[in-house]
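Student: Test case, fold it:
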Amino acid sequence: MQNIDTFAIALYSEDMQKIEYADLSEKVYKELRLMILEGELQPGEKLKQNLLANQLGISRTPLAAAFSKLEKEMLVELLPRRGARVRALDAKELLDLYDIRIQLEPLGAAGVARNGTNEDIATIVKMHAEYKTIVDSNDPRSVRKADYEFHLAIAGSSGNEALYRIISSFNIVFICNQGGLLKSAQQSYEEHIKIVDAIASRDAAAAEFFMRSHLLDSRDRLLSHTREAS
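Tutor: So this is what the prediction gives:
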């Protein structure tokens, strides 16, 4: 009986360690993701494991697990025998991702208009009002983060979890790789007004149309910048 109890305790301890390790890996993943979003880690920057482990107060094991998860989201590139770095996308890759966003995000806007709760819509309206204050502050980094959170809130309230996860990842890729705003913050705010008004009116067709127009304009600007640079 004692041997069985000892074996059970050992299994329980092992399971608890796995849970704690999984929780820690998830926390590290979220922290690194935020650092990439906020520009603390830049595209092309080598991720120094010892430095990050010390900074985050962890071992290298959960760090490696977080890198693997971020690689799947196109945020980190794992280099054979050379470690990892923040992934830097070229112009074509960004344009390709815009084509995907243009197909997906309008579905999210329409989904909120159809299926979002009153609380969901109230949250989006409030975020848009707060976005205006951030635009007026003239802080590009804060504007980019607020824009990301606005688009993510729409996807998250659409009722489509898969859509939310894809947009959450793709939009961070855009923010960290664009290097700057594609359009003025004021213009972005004004385009958001049309999206929010359509969602608040529960006009799914209009919400879908205005979201698509908003993203198409951004893609056209990226394409124009790419041609000018080449």
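
Student: On the three-state scheme, Ala84 is what?
Tutor: strand (DSSP: H, G, I helix; E, B strand; the rest coil).

Student: who touches stretch 172-179?
Tutor: 33, 36-37, 39, 41-43, 73-75, 86-89, 94, 97-98, 101, 144-145, 147-148, 222 (Cβ atoms under 8 Å, 6 or more residues apart in numbering). Just so you know, the C-beta spots here come from the backbone N, C-alpha and C atoms, and that holds for glycine as well.

Student: Heading C-terminal from the lowest-mean-pLDDT helix or strand in the chain, find the next helix or strand.
Tutor: Across the helices and strands of the chain, mean pLDDT, DSSP states H and E gives its lowest value to helix 2-37, namely a mean of 63. Following helix 2-37 in sequence order, the next helix or strand is strand 46-47 (DSSP states H and E).

Student: Sheet partners, orientation included, of that following strand?
Tutor: Paired strands of strand 46-47, with direction, are strand 83-86 (antiparallel) (DSSP bridges).

Student: Which secondary structure elements does the helix or strand just after the strand it pairs with sit against?
Tutor: Per DSSP H and E, the first helix or strand lying C-terminal to strand 83-86 is helix 91-115. When contacts are defined as 3 or more Cβ pairs under 8 Å, 6 or more residues apart in numbering; DSSP states H and E, helix 91-115 sits against helix 118-137, helix 140-156, helix 161-178, helix 185-200, helix 204-229.

Student: mind checking which of these is nearest Phe67?
Tutor: The closest of the helices and strands packed on helix 91-115 to Phe67 is helix 161-178. By Cβ to Cβ, the value is 14.7 Å.

Student: I'd like the helices and strands packed on helix 91-115 as TSV, with mean neighbour count, mean pLDDT and distance to Arg81 appended.
Tutor: Output for these, formatted as TSV (neighbours: other Cβ atoms under 10 Å; pLDDT from 0 to 100; distance: least, Cβ to Cβ, whole Å):
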stretch	mean neighbour count	mean pLDDT	distance to Arg81
helix 118-137	15	94	43
helix 140-156	20	89	34
helix 161-178	18	81	25
helix 185-200	19	95	42
helix 204-229	16	92	33
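
Student: For these, give me JSON lines that also has distance to Leu24.
Tutor: Shown next, in JSON lines, are those (distance: least, Cβ to Cβ, whole Å):
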{"stretch": "helix 118-137", "distance to Leu24": "30"}
{"stretch": "helix 140-156", "distance to Leu24": "24"}
{"stretch": "helix 161-178", "distance to Leu24": "21"}
{"stretch": "helix 185-200", "distance to Leu24": "37"}
{"stretch": "helix 204-229", "distance to Leu24": "36"}
